[in-house]
Each structure stands twice: as structure tokens, then as C-alpha cells.
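1. sequence unknown, structure follows:
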């Protein structure tokens, strides 16, 4: 199960916030030489503490401790030296990221892959001004990155994308390659579409916040954790599969689409969401809720390991 | 873990198709006296065979065989005799269901709960014409019903809804109560909203069918199996929770909603979906895909049992 294929790989993690520290723990767990850089002294000083929980999660999940190395760097040039992959986690600001990639291009080795974790920005936002834009990819993780396997990848150079996918796969990730750049990549577009309807259901008084979340977790969420949405309709079409589904139920699906909500986040709707989530949280703090999420994710990931026979 | 609380409960299952047989297996596994009725002799003759796989799944999942009883009935009155809960699974036709509920009302004991599994129809579609509409609820399972725990419930009589919830909970289900009737209940509204965007992503050439499904399974689907969509935004707001999220990122979420797709199932889009799913299926038949789904669901459900310490 445990991959040691990264023990000859050097990875520069730029930005030591939650996402950067999660990436650092993940690559370190899987054997890489990790160089973690942050321009802020306080962030550097507290980075190891932020990595403790992800490292413990990964040890629990895979039954062994981290096998890689960590160096925390105050100097960007030192972090980039010998980097096979540069994973950028700077604030979501175009000028900040443009300035950082200009430095990366000037300092990194000629073979380095430049990967941005950006959620809000796209490749097309980040590439302008770069001398070698073909070396840039977006590689968006899904929070928390050390547990959720998805990494959504877009880049114009197929060979470089393939090299990046191999690195992420060796860190136990599931890289998914996009053919075109899109705001929100794939997963956050799907999540925004679903949440829009979830907000509509609350705003219309059809069900409470907690009821919507329970329905999702114990219904489609559970099923989507093992079966994609397209494949679900393929199986929903009986012996005719997707073609049968589209022929018989396509028109009713289009009518359902037309009936979906287009809510606005009005003050009333915001108040309903906030009151509803307070009720669902039932006094549990954000930290307690995150810990419960992570324990449940680890159990679900262990189930996948056992189901796949590894 | 295993509930035996249904050993004094009699449940009439009307309709011995896939959904009816899945319900029958579920209630029988959990100790109930199940009476399974179908007007069609062929459906009755083959019902036990359709129950074999669900019964085996439940035995695998819970580590013991079914403890209830099964009687297959050709006579509706016999099936309804002593029924505490009547679970209707007739074809999705208003006249067919109206005619059936008229018979049920005439024959069932005075305390019976009348539950419809209808996916496409709502309580408001089914109740007109009934003498005692307050005895009717919709209780929509999510396919496959013996594995996916969600049952979405709507009915106007809170006391009766509570009694129904207790029965479903004793069969290991997670009943979720709606405050208002809505076409598609909760889960299929969420699923339709997500699939619309999944179709848009394929139609626009952003990613292939298989890539969209992989992103969902290994990203938001996995996370939604342990954390609802509303709660995910609560945790996405940092220390400020949902209120902080809405204050800081609400406007960007509304912009993302405005950028989501509104595809039509044109011939070109249908062709892309069919070609994409064929590629993703990679030669596996519908039956093989269903078996893989069910094995993965059982593993995921076992992980939930172990995570909850039961």
C-alpha cells in the first residue's frame, strides 16, 4: 500500500498555511524530500505544529510513519534548489502569484514542474507574464488535501502533465486531467451547483439545513463516493444504460433542471443558513467538526483500501 | 448493531420489482414479517430470486442472516392484513397509484401507515381522492434501497411521520423529514442540480465523462459521504463558520452560481455522454458495474459502522 517511490523526489512547497502544510505532510509521508518555504517568520515557526495532525492522520491511514524529510526554508532560492515539483500555495491574488512565479522561473532548476494549488484562479489567470508558461500547471487539491485524494490538473503541455500526474499518484493522490481551463475546475463547479439547490431547498422551506445535509450524506453523497454522477444515470437506465436513460427520461430530466432553484443569498436566506447550521452543529466547535470529518474520512479511505484488496 | 426491533412488525410490500424486492429483503433481514404482493404472477414467481442478492448483501454487511419471515401474496387483502406499514412500489402512474390506494384504504387495518416509494410523484399528486389522506406519506428510498440508508419522508401528520421514522430506523435506515412536499424530494433535486453541471462540463469540452466521475468520487463525493454541503461551507469559513463564509465569500459564490451551465440534452451532447460512458465502462456490463457499486457501498457502510464504534 505505502508508496516509497518519492524517495528520490524533491518537492518545494511554497506557503506554509493549512494547505501548504497539508501538502508538505503528504509528500513527506510518502518519502519525498520536502522543502517548505514561507516569507513570514511566524508561519515558518509554526509550520511543524500545523503538520502534526496531517502526519498523524497519514500514519493512522497507512499504518506507518512518514519516511521523507522536511526542511523549512526562509530563502526561496534554497527551497527551489533541486525541486522536481514546485507546489505554490500563495494567497489568491493575481499580482502576488505573478510576482512569485517570476521568481520561481528565475531560480528553479530547468526540469521543475510549476504547480499552483489555486482554487479561485485558473491557468489562464496565472500564465500571463511568464517566460515559460508551458511549465505551469494548476493542480488543485480538495480540502483536506492530505486525506481527500482528488487533484484536478490543467496544463497545456501533455508530457509535463503526465509527469506531474505520476508524482501525485506516488503520493496516493488521484490526479484528474482537464482538457480545458475552467473557473472552479471540476469539483468546485459541481459543489457550487449542488449547494445552489441546497440553499434553494432551505430558502423555500422544503427542509432544514440539517435535514438537507443528512439526506446528502446518507443518500447521493454516499453513492457518489463509490459511483460517479454520469455512471449513476448509466445504471439508472436499466439494460439500455445511458442511451436508454436519455431516450426515456431525458425530457423529464430537462423539466427537472428547469424547476431547480436560482436563490440569492439575501439577508433572510443568510439568516436561515446560519441558524440552521448552528442547530446542526449542536454546540460543536469548528475544530471538533473538522476532527469528526477527518476521522470519518480516514475510516472511509481505509474501507477503499480494503475493498480494493490492498 | 443488528436490530431485532421489527420482530413484532408486519410490513406489506406492494410491487415485487427491484425496489419492492429490495425493501422486502431489508425488512425481512431486520426481523419483520413481510408480505410481498404483486398483481403479476410472473413477478411473484421470480420475487424470491430477486431478493437473493439483497439478502446476501445484508448478511455480509451485518454479519448475520435474515431473522424475519416472508410470505408472497397473490391476494392484496391477504398482504394488507395486520400491516403496520404498507410500502407501495407500483408503477409511476397517478391513476394506477390512486386506484391502488383506494383499495388499500378499504382493506388495511385502521392503524396502518401508507407509504409510497414514489420518486417522480409527490404527496400532493397521490393524496387527492383518498378518504384518509393524513394516513399517507411519501417515503422515498435511494437506490439500492437495502444498502443506501436514506429514506426521504413527507406527510402532513407529524405523529404518523414519527411512527414511520421509527420503523425505518429499526431497519437501519436514516429517515429524513421534509417540511414541504417537493418534486424530486431533496436528494434527486440535489442530484439533478449536480448532474446538470456535470453535463455542462462534458458538453463544453472541459473534461471527459470519466474524468468528471473520477473527480466526484475522489473529491466532493467522498467528502459529502461524511460531511453535508452546508456543513462543508461552515468549515470553509474558518473560525467565522457559515456567517464568516457568507460575509466574505457569499458574493463570489453568487458569481460562481451565475457562471454555471444550463445545458440541453441536444443530440450532440447525448452522443458525447454515451461515448464517454462507454469509454468509462471499459467493457463492463451494467450487471458488473452494479456489482462493483454494491461491493463498494458495503465496504463504505462497514467503515461507517466501525467509525461509529458499533
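-> Received the coordinates, thanks. Keep in mind it's a predicted model, so treat the numbers as computed, not measured. Residues are numbered from 1 along each chain as shown, chains lettered A, B, ... in the order given.
2. what segments of the stretch 151-300 of chain A are helices?
-> A:158-170, A:187-203, A:209-218, A:220-224, A:229-236, A:241-259, A:267-281, A:286-307 (DSSP state H, counting those that start in this stretch).
3. quick check: which helices or strands does the longest one pack against?
-> Meaning helix A:286-307. helix A:41-62, helix B:220-224, helix B:229-236, helix B:286-307 (3 or more CB pairs under 8 Å, 6 or more residues apart in numbering or on different chains; DSSP states H and E). Yep, even glycine has a C-beta here, placed from its N, CA and C like the rest.
4. do the shortest one as well
-> Judged by 3+ CB pairs under 8 Å, 6+ apart, helix A:220-224 is in contact with helix B:187-203, helix B:220-224, helix B:286-307.
5. ok, now with 10 Å
-> Judged by 3 or more CB pairs under 10 Å, 6 or more residues apart in numbering or on different chains; DSSP states H and E, the packing partners of helix A:220-224 are helix A:187-203, helix A:209-218, helix A:229-236, strand B:150-154, helix B:187-203, helix B:209-218, helix B:220-224, helix B:286-307.
6. what's the pLDDT at residue A:306?
-> pLDDT recorded at residue A:306 is 83.
7. and the closest residue to residue A:156 other than its chain neighbours, how many neighbours?
-> For residue A:156, the nearest residue in space outside its immediate sequence neighbours is residue A:134; the separation is 5.8 Å by CB to CB, 6 or more residues apart in numbering or on different chains. Look at residue A:134: counted by other CB atoms under 10 Å in any protein chain shown, it has 13 neighbours.
8. residue A:134: what's it in contact with?
-> Residues in contact with residue A:134, defined by CB atoms under 10 Å, 6 or more residues apart in numbering or on different chains, are A:114, A:127, A:155, A:156, A:157, A:159, A:160.
9. repeat for residue A:189
-> Counting by CB under 10 Å, 6+ apart, residue A:189 touches A:182-183, B:194, B:197-198, B:200-201, B:206-207, B:212, B:215, B:256, B:259-261.
10. now do stretch A:164-171, average pLDDT.
-> 98.
11. correction: the previous question concerned stretch A:32-41.
-> Here stretch A:32-41 scores 98 as its mean pLDDT.
12. would it be right to say that residue A:13 lies in a strand?
-> Yes. When DSSP: H, G, I helix; E, B strand; the rest coil is applied, residue A:13 is found to be in a strand.
13. can you list the domains in chain A?
-> In terms of domains, chain A is parsed into A:10-177, A:187-226+A:264-307 (source: automatic domain parsing).
14. make JSON lines from these and add distance to residue B:275 to it.
-> Shown next, in JSON lines, are the domains of chain A (distance: least, CB to CB, whole Å):
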{"stretch": "domain A:10-177", "distance to residue B:275": "18"}
{"stretch": "domain A:187-226+A:264-307", "distance to residue B:275": "21"}
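15. quick one: which of those is nearest residue B:108?
-> Nearest to residue B:108 among the domains of chain A is domain A:187-226+A:264-307; the distance by CB to CB comes to 28.4 Å.
16. centre of chain A to the edge, which residue is at the far end?
-> Distance from the C-alpha centroid of chain A peaks at residue A:248, with 35.8 Å (CA atoms, centre = their mean).
17. check contacts around residue A:237.
-> A:243, A:244, A:245, A:246, A:247, A:248, A:249, B:277, B:286.
18. which among those end up buried?
-> Buried members of the contacts of residue A:237, counted by 16 or more other CB atoms under 10 Å in any protein chain shown: A:243, A:244, A:245, A:246, A:249, B:277, B:286.
19. can you redo the helices and strands packed on helix A:220-224 as a markdown table with distance to residue B:54?
-> Listed next are the helices and strands packed on helix A:220-224 as a markdown table, based on distance: least, CB to CB, whole Å:
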| stretch | distance to residue B:54 |
| --- | --- |
| helix A:187-203 | 29 |
| helix A:209-218 | 18 |
| helix A:229-236 | 16 |
| strand B:150-154 | 16 |
| helix B:187-203 | 20 |
| helix B:209-218 | 23 |
| helix B:220-224 | 23 |
| helix B:286-307 | 9 |
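20. out of the ones you listed, nearest to residue A:104?
-> Among these, the nearest to residue A:104 by CB to CB is helix A:187-203 (24.7 Å).
21. wait, residue A:115 sits on residue A:152?
-> No. Using CB atoms under 10 Å as the test, residue A:115 is too far from residue A:152 to be in contact (11.2 Å).
22. now do the shared contacts for the two.
-> Common contacts of residue A:115 and residue A:152, defined by CB under 10 Å, 6+ apart, comprise A:138, A:139, A:140.
23. and chain B, which of the residues you listed reach it?
-> Applying CB under 10 Å from any CB of the partner chain to the shared contacts of residue A:115 and residue A:152, one finds that residue A:140 fall near chain B.
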